[in-house]
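**Q** The following block contains a protein sequence and its predicted model.
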Amino acid sequence: MTETFFDLYPRNPHAIKSLFHTLQILFIKLMGYEIFTIRLLSFLLGLLTLLWFYKLCHTLFHSRKWAFMAMLLLALDIQFVYASHFARQEIILLFIMLFSLNYFLSNLLNMKTTHHLLLGMIIGLSIGVHPNSFIICLVIVFLYIFHIAFTKKLTIFELLTFALPVGCLASGFIGLSLYFDANFMGNYTQYGSQFGVTNSLMAKISEIRNFYMKLYYGISGTYYTPDIRLEFYLFFIALAASIIFLFKEEQKIRTPLLSVILAIVTVNLGIIAIGRFSQPSIIFLFPLFYILVTYVLIRLSKRIKIYLALLLLLMVTINTLVHVLPYLNRSYENYLQEIGRAVSREDIVLANLNSEMYFENGKLYDYRNLAYLQENNLTFEHYIQRNKISYIIYPDEMDFIFAYRPQWNNVYGDISLYYEDMQRYLQTKCQLVYEFTEPTYGMRIARYINQKDWKVKIYKVNE
């Protein structure tokens, strides 16, 4: 089965994220179904990510001081803070990528069969976290190819040894998905097509520019996209300076840093190959670029690099604080408490999914189902009656999305298909019982969050 809050929205079971959901289930069983529990998993993996980033930098620079400096820059960056505090899979994949890079580079001169097999098992298991594990796998494969072709430190046989467990575990996840859904391949491809995954290679290559332009200008849908223009300038300067400095380096220093630059290129190739261009995936590049930033600092004169490092830490910290401070007085628990003033946990509701943690399992139906009413020969009223919905939690954003249609159809689908029917039902068959202001959780479109006092209205169904 799939999520209980979707009954009309097309969903097909698969095993691709089964490892991630297993970890979530364990945390929930141990600590309860709370927002703190869900986010704690990301936070702990964020701490592990910083630890292994420190280890990777120490492997590259052989300096505890500069490894710690690189770790501080990453830890204070708003994009990392975001990734490590929300219940998403990217931070787990980032940990796996940095662990794998450190494992690969620290054992490069003495790689044995067990090293290749273990590395392959780690990458293979990451498929159970998210499909973006393909990006991590691609990074490691390209590093193998680089060291086979140019440094001669590895052989084709060792690459195949690495690929064996990856292939076996990938086949296992695909096989399990086919067991859940015999038409898994077709359904998964169809689902990905709405995000551009099935577009031609040339179309994906041309889209990468728009992907970075949106990140630069902070344009997004429901994904939070912080202002990272500072990082754009910093990373570009670091990349250019690193390439110049590397021409003068000894091979023992040049080769590991070239591996980092190759990883940056490969992450971009992976994003293009997948074609989803999801904003949170940019986090895979941040540690790699901070390695280059640290390398450039090391190459500067002693007096300049200390002052410049402190200045960068200050700038990154200020940039993060500017993004974090507006949210400190906004509480998710307060949002749920406001809902609780009019609705009990056992009531069946039609609501935004961001309120799902208040209700008992199976009691909430998400607005995204409504775009499929016509396909199922249902009216809005029939849908309410069929599911015995007793309350409708209605956010202002529904009116906003309708007013600016079709620009935001990706949030809930085409709401014009049922909007007028829904409004008539709210006016004639429902009673407004409570209303509250919620600037943060009353709007899911990222650019408009906290931009005005969005209202959330709670209607009681009279029938």
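**A** Okay, I see it.
**Q** Now K455: phi and psi?
**A** The phi and psi torsions at K455 (degrees, to the nearest 10) take the values phi -110, psi 150.
**Q** give me the beta-bridge partners of it?
**A** Beta bridges link K455 to T437, judged by DSSP bridges.
**Q** Any idea which helix or strand in the protein has the lowest mean pLDDT?
**A** Within the chain, confidence by mean pLDDT, DSSP states H and E is lowest for helix 184-193 among all helices and strands, at a mean of 84.
**Q** what about dumping the CA coordinates of whichever helix or strand comes after that one to CSV?
**A** Next helix or strand after helix 184-193 toward the C-terminus (DSSP states H and E): helix 201-217. The C-alpha atoms that make up helix 201-217 are tabulated as CSV, following Å, rounded to 0.1, in the frame of the first residue of the first chain:
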residue,chain,number,x,y,z
LEU,A,201,19.8,14.5,-23.4
MET,A,202,20.1,17.8,-25.3
ALA,A,203,17.0,19.2,-23.5
LYS,A,204,18.5,18.2,-20.1
ILE,A,205,21.9,19.9,-21.0
SER,A,206,20.1,23.1,-21.9
GLU,A,207,18.1,23.0,-18.7
ILE,A,208,21.2,23.0,-16.4
ARG,A,209,21.7,26.7,-17.1
ASN,A,210,18.1,27.5,-15.9
PHE,A,211,18.7,25.2,-12.9
TYR,A,212,21.7,27.4,-11.7
MET,A,213,19.9,30.7,-12.7
LYS,A,214,17.0,29.7,-10.4
LEU,A,215,19.3,28.9,-7.6
TYR,A,216,21.2,32.2,-8.1
TYR,A,217,18.0,34.3,-8.0
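**Q** What is helix 201-217 packed up against?
**A** If you count contacts as 3 or more C-beta pairs under 8 Å, 6 or more residues apart in numbering; DSSP states H and E, helix 201-217 packs onto helix 229-246, helix 251-274. Yep, even glycine has a C-beta here, placed from its N, CA and C like the rest.
**Q** can you give me the angle that helix makes with helix 229-246?
**A** Angular relation of helix 201-217 and helix 229-246 on a 0 to 180 degree scale: 120 degrees, by axes from the mean of the first three to the mean of the last three C-alpha atoms, to 10 degrees.
**Q** For helix 201-217, could you pull out the residues that count as buried?
**A** Using 16 or more other C-beta atoms under 10 Å as the burial criterion, the residues of helix 201-217 that qualify are K204, F211, L215.
**Q** just stretch 183-194 next, same as before
**A** By neighbour count, and taking 16+ other C-beta under 10 Å as the criterion, the buried residues in stretch 183-194 are F184, N187, Y188, G192.
**Q** from the chain's centre, how far out does the longest helix anywhere in the chain sit?
**A** With DSSP state H setting the assignment, residue counts place helix 35-61 as the longest helix in the chain. Helix 35-61 has its average C-alpha position 15 Å from the chain's average C-alpha position, going by C-alpha atoms, centre = their mean, to the nearest Å.
**Q** Same question for stretch 267-280.
**A** On the basis of C-alpha atoms, centre = their mean, the separation between the geometric centre of stretch 267-280 and that of its chain is 12 Å.
**Q** Stretch 19-37 too?
**A** What separates the centre of stretch 19-37 from the centre of its chain is 18 Å, taken as C-alpha atoms, centre = their mean.
**Q** before we move on, what about stretch 192-202?
**A** Computed by C-alpha atoms, centre = their mean, the chain-centroid distance of stretch 192-202 equals 19 Å.
**Q** how long is that stretch end to end?
**A** When the termini of stretch 192-202 are compared using C-alpha to C-alpha, to the nearest Å, they are 17 Å apart.
**Q** and N352, backbone torsions?
**A** Note on N352: its backbone torsions stand at phi -70, psi 140 [degrees, to the nearest 10].
**Q** residue contacts, the nearest residue to it once chain neighbours are set aside?
**A** In space, N352 comes closest to P395 once its chain neighbours are excluded; the distance is 5.7 Å by C-beta to C-beta, 6 or more residues apart in numbering. In this structure, P395 makes contact with N352, E438, G442, M443, W454, K455, V456, K457, judged by C-beta atoms under 8 Å, 6 or more residues apart in numbering.
**Q** how much space is there between W408 and K455?
**A** W408 sits at a distance of 18 Å from K455 (criterion: C-beta to C-beta, to the nearest Å).
**Q** swap in Q407?
**A** When distances are taken as C-beta to C-beta, Q407 and K455 turn out to be 21 Å apart.
**Q** the more surrounded of these two?
**A** K455 (16 against 11; other C-beta atoms under 10 Å).
**Q** ok, now which ones touch the more buried one?
**A** Contact analysis of K455 by C-beta under 8 Å, 6+ apart lists P395, D396, E435, F436, T437, E438, G442.
**Q** ranking the residues you listed by neighbours, who comes first?
**A** The most crowded member of these, judged by other C-beta under 10 Å, is G442 (24 neighbours).
**Q** that older thread, any chance of the buried residues of stretch 183-194 in a markdown table, with distance to T155 too?
**A** Compiled in a markdown table, the buried residues of stretch 183-194 are given as follows (distance: C-beta to C-beta, whole Å):
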| residue | distance to T155 |
| --- | --- |
| F184 | 36 |
| N187 | 40 |
| Y188 | 35 |
| G192 | 35 |
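**Q** which two from those residues end up farthest apart in space?
**A** Of all pairs drawn from the buried residues of stretch 183-194, the widest gap by C-beta to C-beta lies between F184 and G192 and measures 12.1 Å.
**Q** per-residue confidence at the residue nearest to L258 when sequence neighbours are not counted?
**A** The shortest distance from L258 to any residue that is not its chain neighbour, by C-beta to C-beta, 6+ apart, is 6.8 Å, and that residue is L246. According to the prediction, L246 has pLDDT 88.
**Q** Only the buried residues of the strand or helix carrying M69, if you could.
**A** Element membership for M69, per DSSP H and E: helix 64-76. Judged by neighbour count using 16+ other C-beta under 10 Å, the buried positions of helix 64-76 are W66, A67, M69, A70, M71, L72, L73, L74, A75, L76.
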